[in-house]
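Q: below are the sequence and a predicted model; questions follow.
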Amino acid sequence: MQFFFEVLIAGLLSGVMYALVALGYVLIYKASGVFNFAQGAMVFFAALTTAGLVDSGLSLWLAVPLTMVAMVVLGLLTEKFVLRPLVAQHEITLFMATIGLTFFIEGLAQAIWGANVRALDLGIEDVPLEWLLESANIAVSQFDLIASGIAAVLVTLLAIFFSKTKIGRALRAVADDHQAALSIGIPLQHIWGIVWAVAGFVALVAGLLWGARNGVQFALTFVALKALPVLILGGFTSVPGAIVGGLIIGASEKLAEVYLGPYVGGGIEGWFPYVLALLFLVVRPEGLFGERIIRRI
Amino acid sequence: MKYITRIFLAAAVATVTWSASAQEQFIPAIDYRVGPYAAGGSGFFGGAIDYMSLVNAKGGINGVKLVWEECETEYNATRGVECYERLKKSHGGASLVEPLSTGIAYGLLDRVAQDKIPMTTLGYGRSDAADGRVFPYVFPLITSYWNQAAGMIKYLGDKAGGLDKLKGKKIVHLYHDSAFGKEPIPVFEAYAKQLGFELIKIPVAHPGNEQQSQWLQIRQAKPDYVILWGWGVMNATALKSAQRNGYPREKMLGVWWAGSEEDVIPAGAAAKGYSSMTFNTPGNYPVLDEIKKKVYAAGKGNLEDKGRIGSVYHMRGVTAAILWVEAIRKAQEKYGKGKVMTAEQVRWGFENLNVDEASLKALGAFGMLPPVKTSCLDHEGSGAVKVQRWDGKSWKAITPNWVTGDKAMIRKMQEEGAAKYAAEKKIKPRDCSKEG
Amino acid sequence: MFYRESGQFKATYAEDSEIFPIRQDKIGIAVILAIAFLGIPLLAKTGFLSDYAFTAILTPFLIFSLAALGLNILTGYAGQLSLGTAAFMAVGAFASYNFMLRIDGMPILVAFILGGLCAAAVGIIFGLPSIRIRGFYLAAATLATQFFIVWCLTKVGWFTNYSSSGVITAQKIMMFGYTFDTSFSKYLFVLSVVSVMALLAKNMVRTNVGRSWMAIRDMDMAAEVIGFRPVRTKLMAFAVSSFYCGVAGALFAYAYLGTVEPEGFNLDLSFRILFMIIIGGVGSILGSFLGSAFIVLLPILLNMFTHFLDSSIGVDVPSGIASSIELMVFGAMIIFFLIVEPHGLARLWQIGKEKLRLWPFPH
């Protein structure tokens, strides 16, 4: 039983890390209907820039705000040069444009900082919590706990931002209907700029935490693969869905790998979350918290 | 930022490149410098090109200069095949090819046999390609995965105080869930049966950036050793996850693709005390000093970051280039000194390599790589490995001598594998007694 | 003026239902086929085209075109976004290999067809969720196919004939006693397969099957109301699409790479094929070919261009930077093309046709 809880806790904590990445997708999809393939590349870019600045002698406290500035600039440029010319295009075209953006960002990051791998030290040690290890023999990573705390704060902030501020309400209006939002005087491009900047911020947080967890290297772009099942499960448009979806995916994939894996040869973590999300969708096509779409002819 | 300024500098200072002449031996460098594995690619090919620059700076191979051309593959098989096809006939024809990628190597397997161009696969690819009768154009020089796996067990046995002491021990094989990770399993299983240790196989799904469930299983099993057969981000993640689950890194032993600076630096302090296999002894050697002095001082160095000279991947690249050059030298001994060798002649050179301790001393690389002696039967040439430990700053060798496992058993497995391949492809193995 | 169909009258039903009803199209296709089957071989004989062009450019271009065509049937005509193309290719390749290996005297084309059918069967199974899921949700869900199939091929030794390296080595392509082993003969082999299948596809999309796909794509509820069965139609699209991808995968293994590992059919490949149809034109047979040309050729051309700069002008860019910049330019070009023509390269041809029709009096 103790082992079961250990696996469960580890899964939930990993799930929060997945949700963090998924949030970036949700933000942009919610506000502009774009499935932003470049989110993984943005995570990589943010982490690499921070690590690169730290390696060139800056303190972390200076490097993070500087990276934030870079992310905002990147977001605004994306809006101006990629999305604005493509406004009102089919969503698959927009999706493809973000794929082009992915190549661009990946190339840019490596042109500036080189292909070397780097370590990123946030000053949080990644060791099991001692008292829990001693009292219940359950290993829970201190780093993951703190990361979850950060993620929780972030989600709360975003939720408040969306529901309580003027910009947040404008964002939701834009998400519901571009045309209607425009007609009542919401500056669409301005709003999109903000969304991309916020998504850049989320990418930065995800990049810092994942970068500190596994090192800063190109493979950071792969964390996107962990976020996709979370998105399917939680819905593309729901912030709480991303969190709950993350928790479900994280816990179930770990439990499946440990308890189901040995019977089929293991290594099922790559596809299990997708199959789970798929089965879930078959039952509930709009996802966990997605809005039920009433479709008419 | 400094790279950007370098571009402008480089653009301003236009350098004159050589014009191709008949007296040049061409080696295509189909490398990868962007993407997930760019750090390894740039280090390896940087090292190989640095050594070739050194050979040229010292007057070439008996007067024959080396010339190379780079082609970016992005570690993608299609791009790699395109690069190979593009370069195989330029500069008078490629002498050899080394893709440093399993996928590309497989894509080239049939092509090199058809074009009669030797392909070296240092430390990757099919283990059974060591059987030169079935694979005349493939050279998995120094060691293959199987010999490495045997070396690992030998080392763990020595550490425990003798192979018989492994009886009743638990060894976890934590592997990248792919053909690469599964390759050594037959060897481990054979040893487990023979020596009586328990082998626990735990796969990690690609890319391996999340391993909490595997490490919880490992924590549960309390193994005596964990063999890390990983690749890419999986290695750093494994080290980090070991730390967060309180598993001592001192009991972890990595494959050589988990044994470079690029694998441990991202893990930070978590990597300290971890050891891995290698076919190079880390350290400094006269040949590296020469590269610094004659290549980098002249501004011809290939690495952007000079600090990486002598790093694991760089040294592996230098090692590869040493073997290429020695093969060409060997071929020249037979087919005419000071002449440009054809690919077929270079292949003969590879098959008759004899880089012994004396010649390694002369090259300034004594101890850096094991002596290599190939033959028509054995394209591997050595099978020896070393174990190195990461002390937080650099790799240090912890086995003074080269380690070899049960080579006879491995050879038998290689021959079986090659025979099966020959049967599938309907290849008639060469008769080695007739080779000169 | 050049592309005017006025004055071409259809007198019989057969004439009316030709694949290419317009004379200019017939000539165009005939010219393209003539160039592909006769012109290019002639150039090769006279030495203008080397082995390189066949084996490194034309063959992969054709194979990817076929895969893109398969995906285009599913995504472009039936409106089901999929990210599992490479998995279906893998099924085709591994199934063909096993048919060839285990059944003595199996003709290669039959093995390819059986391989394609296996892929189609897998496609139907993994297409089942499409009955209830749509859009990006379906796309992300098809990733399950991608990861599951590659995992399966790695796990089950039987598929690779228990090869210790977990790879399959494609048998020789032999037909009627002739072995296709040169790059040139392989090109012709691939070209024949791709041409036949492309024509079949061109025909299929205008039959009732194709029209039912498009009806489902444009408005599935409306289609259902007027009597199309959505389940059957969608699954049919998955099956046909997977069949095409499966054959493309078999060609990829047999006529191009030779030895393949399951990881060779990874997510990257799926994405690349998706790029092809979006760049080339969703819902267009021609677009599949144009997109494939774009994605296969552009990185190569960029790489050659950097080398050209390097060697002729002497701009000595460090290799790592050069590769990164190539990647950036590639990304920027994709965005640029999408902004210029969001409906893909095939749309450019349509616009061109319109222009040709009116020229020289555009009003």
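A: Right, received. Where do you want to start?
Q: helix, strand or coil: sort out the closest residue to chain B within the stretch 1-150 of chain A for me.
A: Across the stretch 1-150 of chain A, the shortest distance to chain B (C-beta to the nearest C-beta) belongs to residue A:115, at 3.4 Å. Quick note: C-beta positions are derived from backbone N, CA and C, even for glycine. Secondary structure state of residue A:115, per DSSP: H, G, I helix; E, B strand; the rest coil, is coil.
Q: number of residues surrounding it?
A: Neighbour count of residue A:115, defined by other C-beta atoms under 10 Å in any protein chain shown: 28.
Q: ditto for the one 4 residues further on
A: Here the count is done by other C-beta under 10 Å, and residue A:119 has 21 residues near it.
Q: how about the contacts made by it?
A: Residues counted as contacts of residue A:119 (C-beta atoms under 8 Å, 6 or more residues apart in numbering or on different chains) are A:51, A:215, A:216, B:265, B:266, B:267, B:268.
Q: 6 Å - rerun?
A: Neighbouring residues of residue A:119 by C-beta atoms under 6 Å, 6 or more residues apart in numbering or on different chains: A:215, B:265, B:266, B:268.
Q: which phi and psi does the first one have?
A: It stands for residue A:215. Note on residue A:215: its backbone torsions stand at phi 90, psi 150 [degrees, to the nearest 10].
Q: and residue C:173, by the same measure?
A: phi -90, psi 110.
Q: that one touches residue C:180, doesn't it?
A: Yes - if you go by C-beta atoms under 6 Å, residue C:173 and residue C:180 touch, sitting 4.1 Å apart.
Q: pLDDT wise, what is residue B:295 at?
A: Residue B:295 carries a pLDDT value of 93.
Q: who's in contact with it?
A: Applying C-beta under 6 Å, 6+ apart to residue B:295 gives the contacts B:50, B:53, B:54, B:301.
Q: change it to 7 Å
A: Shown in contact with residue B:295 (C-beta atoms under 7 Å, 6 or more residues apart in numbering or on different chains): B:50, B:53, B:54, B:57, B:301.
Q: can you check residue C:155 too?
A: Taking C-beta under 7 Å, 6+ apart, we find residue C:155 in contact with residue A:265.
Q: give me that answer again for 10 Å
A: Under the criterion of C-beta atoms under 10 Å, 6 or more residues apart in numbering or on different chains, the neighbours of residue C:155 are A:264, A:265, A:266, A:267, A:268, B:177, B:182, B:203, C:166, C:262.
Q: and the contacts of residue B:295, which two are the farthest apart?
A: Spatially, the most separated pair among the contacts of residue B:295 is B:57 and B:301, at 11.3 Å (C-beta to C-beta).
Q: list residues touching both of the two?
A: With C-beta under 10 Å, 6+ apart, residue B:57 and residue B:301 have common neighbours B:291, B:295.
Q: circling back to that earlier point, filter the contacts of residue C:155 to the buried ones?
A: Neighbour counting by 16 or more other C-beta atoms under 10 Å in any protein chain shown classes A:265, A:266, A:267, A:268, B:177, B:182, B:203, C:166, C:262 among those as buried.
Q: any idea how far stretch C:96-109 is from the chain center?
A: On the basis of C-alpha atoms, centre = their mean, to the nearest Å, stretch C:96-109 sits 24 Å off its chain's mean C-alpha point.
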